[in-house]
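Enquirer: For reference, the sequence and a predicted model appear below.
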Amino acid sequence: MTARPDIDQDVMASALAWHASLERDDADWDGYIRWLEADPLHREAMDAVSLVAAAVDDHRVEIGNLLPTQTPREQPRKPFARIFAYTGGGTAAGIALMVALPIFRVSEPVRTYSAQAARSRSVELADGVRVTLSPASAIVVRGRDAKRIELSRGEAFFDVRHDPERSLTVTAGAYTISDIGTRFSVNLAGPAFRVGVAEGRISVASPNSGQPIQVAAGYQLMGSDSGLELSPVAPAEIGSWRSGRLAYSDAPLNLVLADIARYSHQRVEVDPSLENTHFSGILVIGDGSKLAEDLATVIGARLRAEGDGVRIGAATSR
């Protein structure tokens, strides 16, 4: 894989610079996320740089033999950083040079795992990473070591064996989760995002946070167009869908409705008057057909059929 020809040199140079800067302890994750989301080509450029970096890391011995000898005090930590320095700190020509070498003619494995509409699915990845997908959900896994995972839709529960040497990242929309060993669930529904931690601790970077937010066990972080909110949650509620229950603690109603739509296999909409409503409670999944009705009953709303789906609206005043 190489960068698309319509990605110009300035974008590739920026991608190289960001890739190098993110290795530092004081990395500007907020600035990186803003840059990444500013243009779809930025993400493609980062994917291309990450691909080459992974190939470099896989062939560090061969690369070391190709590069000029440096004194010990000049040697960066990784072969990729050495090539970055020799190519002038981030020109597209540097990428072209690296990709042109025969040892880089490898493709990064990209695997997509999805769950059917009627059932969840468990996936065993490399290095002790287990992912359980809720129905109609999907993840994209990049690299043989499964260190970069994207939740492309729905919800997934991650069970990650503790390994201090691992640098696992999970992206969900504009959010980036970093983890070294924990159990957590991530839910993405349009602009609505929720991550809850059952064990351990994670770090979440997003455009709405100046610094990455630390989320410990027993807490959830919810994001929306209006900002971020960190709140306590019972660890038993995190990933409760695996045992047939949808548990929510002050969750945005649009996130709840997205879950109901996935489980009931129908379109679920809400009147504008309820769009900003939050919901706390437990819904029994069953076959999914009663979820919308049960939610309407609990929040005192009315449910009506509309086209190929249902609409939840404010109860009619008497």
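Expert: Good, I have the coordinates.

Enquirer: can you give me the strands in the stretch 151-300 of the chain?
Expert: Ranges of strands within the stretch 151-300 of the chain are 168-172, 175-179, 183-189, 192-199, 201-205, 213-216, 219-224, 227-232, 245-252, 267-270, 278-284, based on DSSP state E, counting those that start in this stretch.

Enquirer: could you dump those strands to a markdown table with distance to residue 138, mean pLDDT and mean neighbour count?
Expert: C-beta here means a position set from N, CA and C on the backbone, and glycine is covered the same way. Formatted as a markdown table, the strands of the stretch 151-300 of the chain follow (distance: least, Cβ to Cβ, whole Å; pLDDT from 0 to 100; neighbours: other Cβ atoms under 10 Å):
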| stretch | distance to residue 138 | mean pLDDT | mean neighbour count |
| --- | --- | --- | --- |
| strand 168-172 | 12 | 91 | 22 |
| strand 175-179 | 16 | 89 | 21 |
| strand 183-189 | 10 | 93 | 24 |
| strand 192-199 | 16 | 93 | 23 |
| strand 201-205 | 21 | 92 | 21 |
| strand 213-216 | 23 | 93 | 16 |
| strand 219-224 | 20 | 90 | 22 |
| strand 227-232 | 24 | 90 | 12 |
| strand 245-252 | 19 | 91 | 20 |
| strand 267-270 | 19 | 90 | 18 |
| strand 278-284 | 23 | 93 | 15 |
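
Enquirer: In CSV, list these along with distance to residue 157.
Expert: Below are those laid out as CSV (distance: least, Cβ to Cβ, whole Å):
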stretch, distance to residue 157
strand 168-172, 11
strand 175-179, 13
strand 183-189, 5
strand 192-199, 8
strand 201-205, 13
strand 213-216, 15
strand 219-224, 13
strand 227-232, 19
strand 245-252, 13
strand 267-270, 23
strand 278-284, 17
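
Enquirer: What are the boundaries of the strands in the stretch 1-150 of the chain?
Expert: Going by DSSP E, counting those that start in this stretch, the stretch 1-150 of the chain shows strands at 110-114, 121-124, 129-133, 138-142, 148-160.

Enquirer: Tell me which of the ones you listed sits most buried.
Expert: strand 148-160 (a mean of 23; mean count of other Cβ atoms under 10 Å).

Enquirer: so that strand versus strand 192-199, what angle?
Expert: 40 degrees (axes from the mean of the first three to the mean of the last three Cα atoms, to 10 degrees).

Enquirer: Report the angle between strand 148-160 and strand 245-252.
Expert: Going by the same axes, to 10 degrees, strand 148-160 makes 120 degrees with strand 245-252.

Enquirer: what lines up beside strand 148-160 in the sheet?
Expert: As defined by DSSP bridges, the strand partners of strand 148-160 come to strand 129-133 (antiparallel), strand 138-142 (antiparallel), strand 168-172 (parallel), strand 183-189 (antiparallel).

Enquirer: Could you pull up the residues touching the residue nearest to residue 137 when sequence neighbours are not counted?
Expert: Nearest residue to residue 137, sequence neighbours excluded (Cβ to Cβ, 6 or more residues apart in numbering): residue 154, at 2.6 Å. Counting by Cβ atoms under 8 Å, 6 or more residues apart in numbering, residue 154 makes contact with 115, 133, 134, 135, 136, 137, 138, 187, 188, 262.
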